[in-house]
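K.L.:
Next one to model:
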Amino acid sequence: MDNIIEIKSLTKSYGKKRGVTDVNLEVKEGEIYGFLGPNGAGKSTTIRSMLGFLKFNEGSIKILGMDSVKNRNKILKEIGYMPSEAQFYQDMRVSEVIKFASDMRGVDCKEEAKRLCERLSVDTSKKIRELSLGNRKKVSIVCAMQHKPKLFIFDEPTSGLDPLVQSEFFELIHEYVKEGSTCLLSTHVLSEVKNHCEEVTIMKEGKVLVTDTVDNLTRNNAKRIRVTTDGKIQEYLYDGDINELLLKLQASRIEDLTIEEASIEDIFMHYYSKEN
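P.N.:
As a prediction, this is how the structure comes out:
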């Protein structure tokens, strides 16, 4: 499969403020790709560099086989982007915002917009200023999806959405991907990555910590250990030889011992606690 996104050695500096350093990322056609890390990890800076909202210092970005700087306008026509905080004209009605987004692309999206509004229970008669955060998010989803783009880029899309809408949102993503789209999902919600992504890049302080398939990350040798010795409970992640661990534990009086497979939350914290 071809790479829909190809980022090589991306560096963006803000002076004293942290940006991103030497970020490498490849997203293949037809993937739902997880871009994981807490706020401030560098995810949004990377995405804004991809879309041409920021000028980066070093490196290169190709999207849909095109240079992100030279072919920015062509690329943007094929992308459905949902920022973490969508800003709309407050006095516009929802129907007007959705049509405005469609007109800006020069595409008739009436039928798809209607279908999406029904699926997400979007009230198109209300003005933007009357909407809650969750309902503004739903409008943003419709604007990003209605033109059936080749590539979706979602930046923290589910914050503010209730669980039922979140479920519907991910069902829609899977439907579009099945029809040939690709999705980059930037999130700090571990369960979203586990449930919907095939591959993931974990970011920390502007750098890539690890890139691997979700299956490989959750199938590694790390175990969650919970041991009670001399009345004290210790709980930690261990990725060494389990026989060596048992030999070490024999030096203490073991009152209770539990060894379990590590969860994706454990794996994330394991990588995140390591020094760069």
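K.L.:
those strands in this protein, which residues are they?
P.N.:
Taking DSSP state E, the strands of the chain run over residues 3-14, 17-28, 32-36, 58-63, 66-67, 79-82, 151-155, 182-187, 199-204, 207-213, 223-229, 232-238, 254-261.
K.L.:
pLDDT below threshold where in the protein?
P.N.:
1, 220-221, 274-276 (pLDDT under 70).
K.L.:
picking that back up, can you put the strands of the chain in a markdown table and add distance to Arg136?
P.N.:
No exception for glycine: its C-beta is placed from N, CA and C like everyone else's. Formatted as a markdown table, those follow (distance: least, CB to CB, whole Å):
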| stretch | distance to Arg136 |
| --- | --- |
| strand 3-14 | 27 |
| strand 17-28 | 27 |
| strand 32-36 | 22 |
| strand 58-63 | 27 |
| strand 66-67 | 31 |
| strand 79-82 | 11 |
| strand 151-155 | 14 |
| strand 182-187 | 18 |
| strand 199-204 | 26 |
| strand 207-213 | 31 |
| strand 223-229 | 39 |
| strand 232-238 | 39 |
| strand 254-261 | 39 |
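K.L.:
so which of those gets nearest Ile128?
P.N.:
strand 79-82 (15.7 Å; CB to CB).
K.L.:
Report the strands that pair with that closest one, each with its relative direction.
P.N.:
Neighbouring strands of strand 79-82 in its sheet, by DSSP bridges, are strand 151-155 (parallel).
K.L.:
neighbouring contacts of the strand it pairs with?
P.N.:
4-5, 43-44, 47, 50-51, 63-64, 78-84, 144-145, 173, 176, 181-187 (CB atoms under 8 Å, 6 or more residues apart in numbering).
K.L.:
From those residues, list just the buried residues.
P.N.:
4-5, 43-44, 47, 50-51, 63-64, 78-84, 144-145, 173, 176, 181-187 (16 or more other CB atoms under 10 Å).
K.L.:
Any idea what the residue most central in space within the chain is bridged to?
P.N.:
The centre of the chain sits closest to Ser186, judged by CA atoms, centre = their mean, with a distance of 1.9 Å. Here Ser186 sits in beta bridges with Phe35, Asp155, going by DSSP bridges.
K.L.:
tell me the contacts of it?
P.N.:
Neighbouring residues of Ser186 by CB under 8 Å, 6+ apart: 35, 43-44, 47, 153-156.
K.L.:
and which of those residues is nearest Glu130?
P.N.:
Set against Glu130, the nearest of the contacts of Ser186 by CB to CB is Glu156 (23.2 Å).
K.L.:
Might one say that the closest one is in contact with Thr187?
P.N.:
Yes: using CB atoms under 8 Å, Glu156 is in contact with Thr187, at 6.1 Å.
K.L.:
For the stretch 101-250 of the chain, which segments count as helices?
P.N.:
110-120, 133-145, 163-178, 190-196, 214-218, 242-249 (DSSP state H, counting those that start in this stretch).
K.L.:
Mind putting the ones you listed into TSV with distance to Arg224?
P.N.:
Output for those, formatted as TSV (distance: least, CB to CB, whole Å):
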stretch	distance to Arg224
helix 110-120	38
helix 133-145	34
helix 163-178	27
helix 190-196	15
helix 214-218	12
helix 242-249	12
